[in-house]
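Participant: I would like the atomic coordinates for the input below:
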Amino acid sequence: MDDIQPLTREVIDRATITLERAFSTDPMFTWIFPDPIQRSQSLRRLNRVPLEYGLRYGHVTQSNNGLAIAIWIPPDRPMTMGRMVRSGALKMPFRIGFGPFAKFMGANEIMGRLHKKYVPEPHWQLLIVGVDPELQGRGLGTALVKEGLARADRANCPCYLDTSKEQNLAFYERLGFAVVEATALGDGGPTGWAMRRDPRGSS
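Facilitator: As a prediction, the model looks like this:
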């Protein structure tokens, strides 16, 4: 984990492209943006918001010069609409289209209800982890997630994440997460899985 560093503004453009490429085949985003060209452009615009949010209010780590990214939301600064607005969320309907934005917000509202249901106490949220496709399979994402989990364990905090990619479940389960509920992310939408991880003793 020696290469893991905080994200800086000098690397944010590279990180935005990384997340665009990493999520180009994610079922939620292929549903929201069926056209691959629109998906590429919209993902780049959309992912700028959580990166900005993470820099302002969260904890963003990266490795390989922004080619692997993890965005964590800490227990003392949970996500709020006001903070989302200050991070650029108000521009999104105009930049990605009102229809896709409504689908995106609807899916997030559905998962948000599960989030509150299963992890009501203070916790760390793994909002996003993404690795450029050319570097996937080399353990970069695992290292980023483990670094964050160690931080949560030291604070004796549970962790939460959600995903719409079934192939991700085994990856997260190996890191101690367990599925607490699965649900459709909207009319005709893919399945989303809510996952929780209880803290482990510090090693």
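
Participant: could you use CA atoms for every contact and neighbour count after this?
Facilitator: Noted.

Participant: now Gly189: closest residue in space, sequence neighbours ignored.
Facilitator: Trp31 (6.4 Å; CA to CA, 6 or more residues apart in numbering).

Participant: which SS class is that neighbour?
Facilitator: Here Trp31 is recorded as helix under DSSP: H, G, I helix; E, B strand; the rest coil.

Participant: so it sits against Pro190, correct?
Facilitator: Yes. Assessed by CA atoms under 8 Å, Trp31 is found in contact with Pro190 at 7.3 Å.

Participant: and the gap between the residue nearest to Gly189 and Leu114?
Facilitator: Between Trp31 and Leu114 the computed distance is 21 Å (CA to CA, to the nearest Å).

Participant: with Trp72 instead?
Facilitator: Trp72 is 18 Å from Leu114, by CA to CA.

Participant: okay, these two: which has more neighbours?
Facilitator: The neighbour comparison of Trp72 against Leu114 (other CA atoms under 10 Å) goes to Trp72, with 26 against 20.

Participant: same for the helix or strand where Phe104 lies, what does it pack against?
Facilitator: Secondary structure assignment for Phe104, by DSSP states H and E: helix 98-118. On a contact count with 3 or more CA pairs under 8 Å, 6 or more residues apart in numbering; DSSP states H and E, helix 98-118 meets helix 27-32, helix 92-96, strand 191-197.
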